[in-house]
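# Here is a sequence with its predicted model. Questions after.
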Amino acid sequence: MARRGRRTHVVPGVSQQMSAFKAEVMRREGYAVDPNRPDDVKYEVAKSLGVPMEHGYNGGLTTESVGHVGGRIGGSMVRELVRMAQEQLVKEPRQ
């Protein structure tokens, strides 16, 4: 069954920060990101991958092609989160 509606986060009120994080990560990846509309980066990613994603209805796209777009964005975010966690671990004093 297809997911409907907006994704919710485990930590309440973090949506805006996650959008800003996505925008920053994708900007570093070389994509033009409008800081006021960070979720729109998916259209630029889709274009770079040759996926014909448009604003509005995209029901004609395959799950595989849409997965490539989401994977590029999510994968970049996860890599950055892992890098940040590793950096934090290095900074913590050993006990």
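Received it, and whenever you're ready, just let me know what you need.
# Name the residue closest to the centre of the chain, please.
Ile73 (3.9 Å; Cα atoms, centre = their mean).
# In space, what's closest to it - neighbours in sequence excluded?
In this structure, Ile73 finds its nearest non-sequential neighbour in Val45, 6.0 Å apart by Cβ to Cβ, 6 or more residues apart in numbering. (Each C-beta comes from the backbone N, C-alpha and C, glycine too.)
# which element is the residue nearest to the centre of the chain on?
helix 63-91 (DSSP states H and E).
# and that helix, which residues are buried?
Within helix 63-91, the residues scored as buried using 16 or more other Cβ atoms under 10 Å are 65, 68-69, 72-73, 76-77, 80.
# related to what we said a few turns ago, the residue nearest to the centre of the chain reaches Met26, doesn't it?
Yes. Between Ile73 and Met26 there is a contact at 6.5 Å, judged by Cβ atoms under 8 Å.
# any residues in contact with both of those two?
Contact criterion Cβ atoms under 8 Å, 6 or more residues apart in numbering; residues shared by Ile73 and Met26: 41, 45.
# dump the residue contacts of Val45.
Counting by Cβ under 8 Å, 6+ apart, Val45 has contacts 26, 31, 69, 72-73.
# Check Met77 too.
21-22, 25 are the contacts of Met77 under Cβ under 8 Å, 6+ apart.
# Among these, find me the one that's closest to Val14.
Using Cβ to Cβ, Phe21 comes nearest to Val14 of the contacts of Met77, at 9.4 Å.
# element containing the closest one, please.
helix 15-28.
# between that helix and helix 63-91, how many degrees?
100 degrees (axes from the mean of the first three to the mean of the last three Cα atoms, to 10 degrees).
# Mean confidence (pLDDT) on helix 15-28, please.
For helix 15-28, mean pLDDT rounds to 91.
# Pretty sure Glu29 sits against Gly75.
No. Contact criterion Cβ under 8 Å: Glu29 and Gly75 do not qualify, at 10.0 Å.
# Check the gap between Arg94 and Ala85 for me.
Going from Arg94 to Ala85 by Cβ to Cβ, to the nearest Å gives 16 Å.
# re the thing from before, quick one: the buried residues of helix 63-91 as TSV, columns for distance to Asp40 too.
As requested, the buried residues of helix 63-91 are exported to TSV (distance: Cβ to Cβ, whole Å):
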residue	distance to Asp40
Ser65	18
His68	17
Val69	12
Arg72	15
Ile73	11
Ser76	16
Met77	16
Glu80	19
